[in-house]
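Trainee: Quick one: sequence and predicted model below, then my questions.
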Amino acid sequence: EDQVTQSPEALRLQEGESSSLNCSYTVSGLRGLFWYRQDPGKGPEFLFTLYSAGEEKEKERLKATLTKKESFLHITAPKPEDSATYLCAVPETSGSRLTFGEGTQLTVNP
Amino acid sequence: KAGVTQTPRYLIKTRGQQVTLSCSPISGHRSVSWYQQTPGQGLQFLFEYFSETQRNKGNFPGRFSGRQFSNSRSEMNVSTLELGDSALYLCASSLSGQGAREQYFGPGTRLTVT
């Protein structure tokens, strides 16, 4: 059974203080890894797809990287508007079902 | 291009009642998946529909059912509601569902069971 674990559960940063979120996964065969951002009371917003170890994707202050066992979401010089819950997910081997981690709740203080 | 839409956005029901939620996918997307999100369990997969057929199902009781129409719109039904069914119900659409396709989520329907 696919498993996804995210850490830390919560992270509080000062504006401009860079950091990284971790997503560890155990799957029988990786078919991709997705990162989402979710604001309170809203649906997850798609950020990135990573397919193979060594791959990196960037979007504004966010950069996602992938190794054979984990993925990192690096946040450079965050702003208060980056405050949200960040979720990672992997698709199952035989279909499109996504297994999600519990998420990291990020708070960026001005 | 319009995103995934879900109706209604909020719903309050009483135990024992049934409820139907609706989801319209992004134009051109043929796969629709449903997820339940609760603070304790996180996002849990309910089922996936593609071309009007249920292609995948999660570990939820038979009270949870769904269907998909020829225009790819999907509905989800929960019968005999229980207090534990209170959750945010999310639908997500993707182009085909085959392979590691990105899934795009709607805003969700917040269901409260009293």
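Mentor: Perfect, thanks for sending it.
Trainee: For chain B, which residues are neighbours of chain A?
Mentor: B:4, B:6, B:31, B:33, B:35, B:42-43, B:45, B:48, B:55-56, B:58, B:88, B:90, B:92, B:94, B:97-108, B:110 (CB under 8 Å from any CB of the partner chain). All C-beta spots, glycine's among them, are computed from the backbone N, C-alpha and C.
Trainee: Mind checking which of these are buried?
Mentor: Buried members of the residues of chain B next to chain A, counted by 16 or more other CB atoms under 10 Å in any protein chain shown: B:4, B:6, B:31, B:33, B:35, B:42-43, B:45, B:48, B:55-56, B:88, B:90, B:92, B:94, B:97, B:100-108, B:110.
Trainee: for the most centrally placed residue in chain B, what are its contacts?
Mentor: With distances taken as CA atoms, centre = their mean, the residue of chain B nearest its centroid is residue B:34 (3.1 Å). Residue B:34 sits next to B:23, B:45-48, B:66, B:74, B:76, B:89-92 when contact means CB atoms under 8 Å, 6 or more residues apart in numbering or on different chains.
Trainee: bridging residues for it?
Mentor: Counting by DSSP bridges, residue B:34 is bridged to residue B:47, residue B:91.
Trainee: so what's it scoring on pLDDT?
Mentor: What the model reports as pLDDT for residue B:34 is 97.
Trainee: Kindly report the same for the one 5 residues further on.
Mentor: The confidence metric pLDDT takes the value 89 at residue B:39.
Trainee: what's the neighbour count on it?
Mentor: Using other CB atoms under 10 Å in any protein chain shown, residue B:39 has 7 other residues around it.
Trainee: From residue A:3, how far off is it?
Mentor: 20 Å (CB to CB, to the nearest Å).
Trainee: In the helix or strand where residue A:48 lies, which residues are buried?
Mentor: According to DSSP states H and E, residue A:48 maps onto strand A:45-50. Across strand A:45-50, burial judged by 16+ other CB under 10 Å covers A:47-50.
Trainee: which one of these sits closest to chain B?
Mentor: Using CB to the nearest CB, residue A:49 is the member of these that lies nearest chain B, at 5.6 Å.
Trainee: can you pull up the bridge partners for the closest one?
Mentor: As assigned using DSSP bridges, the partners bridged with residue A:49 are residue A:34.
Trainee: May I have the residues that are in contact with it?
Mentor: Taking CB under 8 Å, 6+ apart, we find residue A:49 in contact with A:32-34, A:57, B:100, B:102.
Trainee: Same question for residue B:91.
Mentor: B:4, B:6, B:21, B:23, B:25, B:32-35, B:74, B:76, B:105-106.
Trainee: just to revisit the earlier point, pLDDT-wise, what's the bottom of the contacts of residue A:49?
Mentor: Lowest pLDDT within these is found at residue B:100 (61).
Trainee: Could I get the phi/psi values of the residue in chain A positioned nearest to chain B?
Mentor: Closest to chain B within chain A is residue A:32: 3.0 Å, counting by CB to the nearest CB. Backbone torsions for residue A:32, taken as degrees, to the nearest 10, come to phi 140, psi 160.
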